[in-house]
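[1] Got a predicted model here, sequence first, then my questions.
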Amino acid sequence: MRLTYTADLWWKNAVVYCLDVETYKDGNGDGIGDFRGLTQQVDYLDRLGVTCIWLMPFFPTPDRDDGYDITDFYSVDPRLGTLGDFVEFMRTARDRGIRVIADLVVNHTSDEHPWFEEARSSRDSPKRDWYIWRDEPQPFDPEAIVFPDKEDSLWELDEGTGQYYYHSFYRFQPDLNTANPEVRDEIVRILGFWMELGLSGFRVDAVPFLIEGIDGGPHEFLADLRAFMNRRDGTSILLGEVNLPYPELMEYFGDGNGDEVTMCFDFIAMQRFHLSMARRNPGALAEALRERPKAPDDAQWAIFVRNHDELTLDKLTDAERQEVFDAFGPEKDMQVFGRGLRRRLPPMLDGDLRRLKLAYSVMFSLPGTPVLFYGEELGLGENLDAEGRMAVRVPMQWGPSGGFSPDPKVSVPSPSGRFGPENVNMETQRRDPDSLLRWVTMLIERYRESPELAWGEYEVLDPGDEAVLAHRTDAEGGTVVAVHNFADRDAEVELTLKGVDDSHILVDLLVDGTSKVSDDGRVRFTLGPYGCRWFRVAVPDELPEDASAKSS
């Protein structure tokens, strides 16, 4: 492979793994996940092939919003351990070559944060302007309410001072006033503190909300954050949660050099993927891939099947969203906010291993950097008895009896039935060559061996069958072709590959074997129900003799 790499761009073909310390592994037997337990599982993540761990909030919190209501940005929640435990985890991850990023949640604080308590103590408080206050509630679009099942306004009266404070999310999460230079300076100090303890970057929560109140040049703030981080560590990243249409989203990459957000989640492709799965037809996803603009050279798209919140479907039409609801979440308690699902993929697909393997093959083959939510590699289920988005933040299932805590008497709210730990767990799957865990591990290996998927230019191909998604990626003379059948039937695939002729063959990367190419670049094969194949274009003379002999 003739691709040129640079260590500074490690994130271009990273494998990112998002986890919640509280639900991952209990190390001291109190029934709550902690950094001690997480450190014990770093080797598991290393064997899986993870190269970057993304930590959901682990800061002190009243825990009214699963840790996103923060009372101290410079410490660790005592339930999860100490700063010393955090440093030990960082040392262990670094020893295995795994980088770590963390959630940067600075759009708001908890209303119990000392900053807000000081701000609301008096209208003359030095911290008063760290938040947004008005004598009367300001007009707002009802569609702007993020949690319509819990909130009916973006303004909340503070009875002590007689003014209203602004909150984009819950009323107990007052927005910081990022238009205030003192607040922006404090955010920079937060970044610097955690970078000194080893973090390689941050996943920036709700980026459009973070910069919306800054007049004149809101994107300059993101550019300033990126510049500060580059001065501290030129390899560090900002992974942005920017759920906007492509034209608006592109502004968050910066002026074309990727000088703001390093990576952005591709929410459009993710939502079209679920629509395609519901229809058993990849047309919607293929359309998104054709529409998606090219990321700047110093930036990247982040690819995911679902994130840690609700599976949002807000960029689909009402009719399209209803199609996904009908297929994957027909009951009201499976839906949330009228725009998404509070479900994990395995129950959505009724545990169909063929479709699960297809889904993750699609994810790892799409151009960009893949992001896994913890437990996806096992087919972890959900707990619909939990409130709201907590349904998908279930404890990790390490063994047939759960294995979350060293104390066998500890009971945690795990999924039940076919998705309970006795049926879905790491210990059993690592011994089963046909398990989802083994499949995802192989996909990660092939992805890391195929840098074209992360670095290359891509093209959506015509496969000759509407049930099939086919695309190719090219980089510096290397070509990888991925083909996926979304239907429960055989598909006859015929591809025409430009620049390829009968001097080439297609080497199958997922199973042993090769396929011949005609002199005009055509290749034909049958793809079984929900089948998937990755091919590398190669010249037979460059292959080992045993591989050439398997040509079909």
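    Right, received. Where do you want to start?

[2] hey, let's count contacts and neighbours off CA atoms from now on
    Fine.

[3] what bits of the stretch 251-400 of the chain have low per-residue confidence?
    Where the stretch 251-400 of the chain drops to pLDDT under 70, the residues are 256.

[4] Could you pull out the helices in it for me?
    267-279, 283-291, 318-328, 345-348, 353-365 (DSSP state H, counting those that start in this stretch).

[5] For these, give me a markdown table that also has distance to Thr82 and mean neighbour count.
    Output for the helices of the stretch 251-400 of the chain, formatted as a markdown table (distance: least, CA to CA, whole Å; neighbours: other CA atoms under 10 Å):
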| stretch | distance to Thr82 | mean neighbour count |
| --- | --- | --- |
| helix 267-279 | 35 | 23 |
| helix 283-291 | 44 | 17 |
| helix 318-328 | 41 | 18 |
| helix 345-348 | 34 | 20 |
| helix 353-365 | 35 | 22 |
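
[6] On the pLDDT front, check Met426 for me.
    Per-residue confidence (pLDDT) for Met426: 98.

[7] Contacts only, for it.
    Shown in contact with Met426 (CA atoms under 8 Å, 6 or more residues apart in numbering): Leu378, Gln397, Trp398, Gly399, Leu437.

[8] and the third one, how many residues sit next to it?
    So the one you mean is Trp398. Counted by other CA atoms under 10 Å, the residues lying close to Trp398 total 23.

[9] quick revisit: in TSV: the helices of the stretch 251-400 of the chain, plus distance to His108.
    Formatted as TSV, the helices of the stretch 251-400 of the chain follow (distance: least, CA to CA, whole Å):
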stretch	distance to His108
helix 267-279	23
helix 283-291	32
helix 318-328	30
helix 345-348	30
helix 353-365	32
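
[10] Let me know which of these is the nearest to Lys25.
    Smallest distance to Lys25 across the helices of the stretch 251-400 of the chain (CA to CA): 21.4 Å, for helix 345-348.

[11] and for the closest one, what are the contacting residues?
    In contact with helix 345-348 (CA under 8 Å, 6+ apart) are residues Arg306, Ala327, Phe328, Gly329, Asp352, Leu356, Gly379, Leu380, Gly381, Glu382, Phe419.

[12] separation between the closest residue to the third one other than its chain neighbours and Gly329?
    Pointing back at Phe328 there. Using CA to CA, 6 or more residues apart in numbering and skipping residues adjacent in sequence, the residue nearest Phe328 is Met348, 4.8 Å away. Using CA to CA, to the nearest Å, we find Met348 at a distance of 7 Å from Gly329.

[13] Over to Gly84?
    Applying CA to CA to Gly84 and Gly329 gives a distance of 43 Å.

[14] Glu459 now?
    From Glu459 to Gly329 the distance is 32 Å (CA to CA).

[15] again with Gly29
    35 Å.

[16] what's the answer for Gly240, then?
    28 Å.

[17] Return the set of buried residues in the strand or helix carrying Gly84.
    Assigned by DSSP states H and E, Gly84 falls within helix 83-95. By neighbour count on 16 or more other CA atoms under 10 Å, the buried set for helix 83-95 is Leu83, Asp85, Phe86, Phe89, Met90, Arg91, Thr92, Ala93.

[18] Select, from these, the two members most distant in space.
    Leu83 and Ala93 (15.3 Å).

[19] in the stretch 451-552 of the chain, which spans are strands?
    457-461, 468-475, 478-485, 491-496, 505-508, 514-516, 522-527, 532-538 (DSSP state E, counting those that start in this stretch).

[20] Output these in CSV; the columns should cover mean pLDDT.
    Formatted as CSV, the strands of the stretch 451-552 of the chain follow (pLDDT from 0 to 100):
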stretch, mean pLDDT
strand 457-461, 97
strand 468-475, 97
strand 478-485, 98
strand 491-496, 97
strand 505-508, 96
strand 514-516, 91
strand 522-527, 96
strand 532-538, 97
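
[21] So which of those is nearest Gly49?
    strand 532-538 (18.7 Å).

[22] Same list, the buried residues of helix 83-95, but as CSV with distance to His219 and pLDDT please.
    Converted to CSV, the buried residues of helix 83-95 look like this (distance: CA to CA, whole Å; pLDDT from 0 to 100):
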residue, distance to His219, pLDDT
Leu83, 32, 98
Asp85, 36, 98
Phe86, 32, 98
Phe89, 34, 98
Met90, 31, 98
Arg91, 34, 98
Thr92, 36, 98
Ala93, 33, 98
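
[23] For Ala467, state which of those residues is nearest.
    Nearest member of the buried residues of helix 83-95 to Ala467, counting by CA to CA, is Ala93, at 41.5 Å.

[24] Name all residues that make contact with the closest one.
    Thr39, Val42, Arg99, Val100.

[25] Could you give the bridge partners of Thr473?
    Counting by DSSP bridges, Thr473 is bridged to Tyr458, Val480.

[26] Spatially central residue for the chain, please.
    Val371 (4.2 Å; CA atoms, centre = their mean).

[27] residue contacts, that residue?
    Counting by CA under 8 Å, 6+ apart, Val371 has contacts Val15, Val16, Tyr17, Cys18, Ala302, Ile303, Phe304.

[28] repeat for Ser276
    Pro282, Gly283, Ala284, Leu285, Phe486.

[29] so can I have JSON lines of the residues you listed showing distance to Trp133?
    Shown next, in JSON lines, are the contacts of Ser276 (distance: CA to CA, whole Å):
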{"residue": "Pro282", "distance to Trp133": "48"}
{"residue": "Gly283", "distance to Trp133": "47"}
{"residue": "Ala284", "distance to Trp133": "44"}
{"residue": "Leu285", "distance to Trp133": "43"}
{"residue": "Phe486", "distance to Trp133": "51"}
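
[30] Considering those residues, which is situated nearest to Ala223?
    Looking across the contacts of Ser276 and measuring by CA to CA, the closest to Ala223 is Leu285, at 31.4 Å.

[31] who touches the closest one in this structure?
    Contacts of Leu285 by CA under 8 Å, 6+ apart are Ala269, Arg272, Phe273, Leu275, Ser276.

[32] With distance to Met229 added, can I get those in a markdown table?
    As requested, the contacts of Leu285 are exported to a markdown table (distance: CA to CA, whole Å):
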| residue | distance to Met229 |
| --- | --- |
| Ala269 | 29 |
| Arg272 | 34 |
| Phe273 | 34 |
| Leu275 | 38 |
| Ser276 | 38 |
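
[33] Please identify which of the residues you listed is nearest to Pro245.
    Ala269 (10.6 Å).
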